[in-house]
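Chemist: What follows is a predicted structure for the sequence shown.
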There are 2 protein chains.
Amino acid sequence: MNLREATPEDWEQIWPIFHAIVSAGDTYAYARDTTCEQGERLWLEQPRTTWVVDDGGQILATYYLKTNQAGPGKHVCNCGYMVSPQARGRGLATLMCEHSQQLARELGYRAMQFNFVAASNTGAVRLWHRLGFETVGRLPKAFNHPEQGYVDALVMYKWLQDEPQA
Amino acid sequence: MNLREATPEDWEQIWPIFHAIVSAGDTYAYARDTTCEQGERLWLEQPRTTWVVDDGGQILATYYLKTNQAGPGKHVCNCGYMVSPQARGRGLATLMCEHSQQLARELGYRAMQFNFVAASNTGAVRLWHRLGFETVGRLPKAFNHPEQGYVDALVMYKWLQDEPQA
């Protein structure tokens, strides 16, 4: 299993993962009817870099990293992670999140921010907490959940300390 | 004095205001060296709508309104406001903010969010509080201020109740 940078050719395998997650409408701030072409732009082209978990040619998971705010905010990055419904429960989100933090440090970022975590997505919230992210904001009723209606969205944040040197 | 929707021809007068504020680097999450062309895209083209305060053909202030997050977040809008350094202290920020809230309601938004208010910008923070915005998040050291270094950035939010009917 190999975590490597995505190529344009990977989109064909990323799209089914992206589509399954986005069309459900309960986690990401993308339109549920985002098209294949729009998705490619959002996930593969606009971010600074996109990575995939490649298991012998099969893509199981993916993440992007981008600068969260320009100018005075450009030392803070933002990431998004998606795991194929078939590959859940294998620690791939943890693997990707830890990888992305190391990559962010190498790229010179000082912090990582998640802008819009649905409070109803308790699994994600728990995982990000475990990986060192703090909830620094709560946006009242900012997330329109397909079953639960308006729920709060959380802003989560981690200052990226330099790794202790060996 | 007339608050009206901006036209492409207005950019010529908006740019000096935008440039003065953005090049100072102490309030907006734009690169300090944002060019005239980039600024036009950011302020006039990408937002859903942009407005100007026009005083007999002279533009004194401007604001934009955009959807803050797509999909499950699309009922929340975001605005940015700029007042010409020569027109400060005349209540134009209040005028624009109140106008933008009414416009947001008319466009169907349920809430308004400011994503990145430098905590050092105490005048703005006080004004937004007075106009009904709550601080719902504090991003530690997320704003790199040109003199003060890393300062916190605030997330401010207001649920837009329907106006009471007469």
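Modeler: Yep, that arrived.
Chemist: Spatially nearest residue to A:I59, not counting backbone neighbours?
Modeler: Nearest non-adjacent residue to A:I59, counting by C-beta to C-beta, 6 or more residues apart in numbering or on different chains: A:Q13, 4.0 Å away. Yep, even glycine has a C-beta here, placed from its N, CA and C like the rest.
Chemist: Next secondary structure after whichever strand or helix holds the one you found?
Modeler: Assigned by DSSP states H and E, A:Q13 falls within helix A:11-24. Downstream of helix A:11-24, the next assigned helix or strand under DSSP H and E is helix A:36-40.
Chemist: Restrict that next one to CA atoms and write it as CSV.
Modeler: Extracted C-alpha coordinates of helix A:36-40, given in CSV (Å, rounded to 0.1, in the frame of the first residue of the first chain):
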residue,chain,number,x,y,z
CYS,A,36,-17.4,14.6,-12.5
GLU,A,37,-15.8,17.6,-14.2
GLN,A,38,-16.5,20.0,-11.3
GLY,A,39,-15.2,17.4,-8.8
GLU,A,40,-12.0,17.0,-10.7
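Chemist: who does the helix or strand just after it pair up with?
Modeler: Per DSSP H and E, the first helix or strand lying C-terminal to helix A:36-40 is strand A:49-55. Counting by DSSP bridges, the strands paired with strand A:49-55 are strand A:2-5 (antiparallel), strand A:58-67 (antiparallel).
Chemist: Give the rounded mean pLDDT of the shortest one.
Modeler: Just to be clear, that refers to strand A:2-5. Averaging pLDDT along strand A:2-5 gives 97.
Chemist: can you list contacts of that strand?
Modeler: The contact list for strand A:2-5, computed with C-beta atoms under 8 Å, 6 or more residues apart in numbering or on different chains, reads A:T49, A:T50, A:W51, A:V52, A:V53, A:D54, A:D55, A:L95, A:M96, A:H99.
Chemist: The last one: what secondary structure?
Modeler: Following DSSP: H, G, I helix; E, B strand; the rest coil, the label given to A:H99 is helix.
Chemist: how close does the residue nearest to the spatial centre of chain A get to chain B?
Modeler: Geometric centre of chain A, nearest residue: A:G80, 1.2 Å, by C-alpha atoms, centre = their mean. Per C-beta to the nearest C-beta, to the nearest Å, A:G80 is found 12 Å from chain B.
Chemist: excluding its backbone neighbours, what's nearest that residue?
Modeler: Among residues not flanking A:G80 along the chain, A:Y64 sits closest, at 5.4 Å (C-beta to C-beta, 6+ apart).
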